[in-house]
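Enquirer: Have a look; sequence and predicted model below, questions after that.
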Amino acid sequence: MTVALMLHRANGASVSTSFRRAAFGKDDPFARNREIAWEGPDAMAVGRTSFIGELDVASYPHIETIVVAEGELTLTAIGAAPLVLGPQAGAVIGCGTSLRIHAASRVQFSFCAAACDKPTNHNLVPLRADADFKPSATLPPEALLGPAPECRSDNVFTEESVEYRAGTWDSTPYHRIVRPHRQNEFMHLVAGSVRFAAPDGSVLSANTGDAIFVPKGVSVGWESSDRVAKFFVVQAVQA
């Protein structure tokens, strides 16, 4: 049983996830190269993209979190210094951002995008593994199969109009019961490993450098035996 969608394996192994080549909206700058693994009812999509060349985007048409898997991608917002993303580095592009995109050789990245109808308050925001972590809520006792973990987060991008939040999170080891996932969640592990359990007892293992997506409502458990850190995107889905 599939409990999560594997978007990228850092060790180069193939993934069983099915992708379809499609644009995310009519003005998608990566329309020719985008591969979508999942698209949801609130106009969120996740998948992977490969790109080489240069693009000038006057107004970025949606919100998009990018994490590079292979190669190097340079993003330059108007009036800002270039942001160079190598493997395992990421950024959030705000809706309405004026942006130059450049890749001298082919780059591959995982993405989590969400539609929006107005510019966001943020333009281009890097994701950092050495984040400015602050304590965050742990899990309720009834969801745990062991001691409560110590969790921290650094939320660097929030757009309330589409309930889109991105940043970096880490936690001490913990074991959680199988339960319906409460939000759509994109994850890119920057440290540690996780075992995602399905109701039938099958397990999907993810390691440092892997990119995963768990849709809201999918029943999944979590087990980690070391510190886990991840870039994340979460989006609540309207009932």
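Expert: Thanks, I have it.
Enquirer: I'd like to know how many residues surround His102.
Expert: 18 (other C-beta atoms under 10 Å). (Each C-beta comes from the backbone N, C-alpha and C, glycine too.)
Enquirer: which stretches of the chain aren't confidently modelled?
Expert: For the chain, residues meeting the criterion pLDDT under 70 lie at 1-2, 237-239.
Enquirer: what lines up beside the longest strand seen in the chain in the sheet?
Expert: Using DSSP state E to define each element, the chain has its longest strand at strand 99-115. Partners of strand 99-115 in the sheet, by DSSP bridges, are strand 44-57 (antiparallel), strand 62-70 (antiparallel), strand 73-77 (antiparallel).
Enquirer: most packed of those?
Expert: strand 62-70 (a mean of 23; mean count of other C-beta atoms under 10 Å).
Enquirer: now that strand, how far from the centre of its chain.
Expert: 7 Å (C-alpha atoms, centre = their mean, to the nearest Å).
Enquirer: Can you tell me the closest non-neighbouring residue to Gly71?
Expert: Leaving out its chain neighbours, the residue that sits closest to Gly71 by C-beta to C-beta, 6 or more residues apart in numbering is Val107, at 3.2 Å.
Enquirer: how about the helices of the chain, start to end?
Expert: Along the chain, no segments are classed as helices by DSSP state H.
Enquirer: hang on, the earlier thing: go through the strands paired with strand 99-115 and name the closest to Leu204.
Expert: strand 44-57 (15.6 Å; C-beta to C-beta).
Enquirer: Extract the C-alpha set from the closest one and format it as PDB.
Expert: C-alpha atoms of strand 44-57 as PDB (Å, rounded to 0.1, in the frame of the first residue of the first chain):
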ATOM      1  CA  MET A  44      -1.600  22.300  -5.100                       C
ATOM      2  CA  ALA A  45       0.800  20.200  -7.100                       C
ATOM      3  CA  VAL A  46       4.000  18.300  -6.300                       C
ATOM      4  CA  GLY A  47       6.500  16.500  -8.500                       C
ATOM      5  CA  ARG A  48       9.800  17.100 -10.200                       C
ATOM      6  CA  THR A  49      11.300  19.300 -13.000                       C
ATOM      7  CA  SER A  50      14.400  19.300 -15.100                       C
ATOM      8  CA  PHE A  51      15.600  22.500 -16.700                       C
ATOM      9  CA  ILE A  52      18.500  24.000 -18.600                       C
ATOM     10  CA  GLY A  53      18.700  27.600 -19.900                       C
ATOM     11  CA  GLU A  54      17.500  31.000 -18.800                       C
ATOM     12  CA  LEU A  55      14.100  32.400 -18.200                       C
ATOM     13  CA  ASP A  56      12.900  35.900 -17.200                       C
ATOM     14  CA  VAL A  57       9.600  35.900 -15.400                       C
END
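Enquirer: Please tell me how far that strand is from the chain's geometric centre.
Expert: The answer for strand 44-57 is 14 Å, by C-alpha atoms, centre = their mean.
Enquirer: Stretch 163-182 now?
Expert: On C-alpha atoms, centre = their mean, the centre of stretch 163-182 falls 12 Å from the chain's centre.
Enquirer: Redo the strands paired with strand 99-115 as CSV? Include distance to Asn11.
Expert: Below are the strands paired with strand 99-115 laid out as CSV (distance: least, C-beta to C-beta, whole Å):
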stretch, distance to Asn11
strand 44-57, 16
strand 62-70, 11
strand 73-77, 21
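Enquirer: which one of those lies closest to Lys216?
Expert: Using C-beta to C-beta, the strands paired with strand 99-115 put strand 44-57 closest to Lys216, at 9.9 Å.
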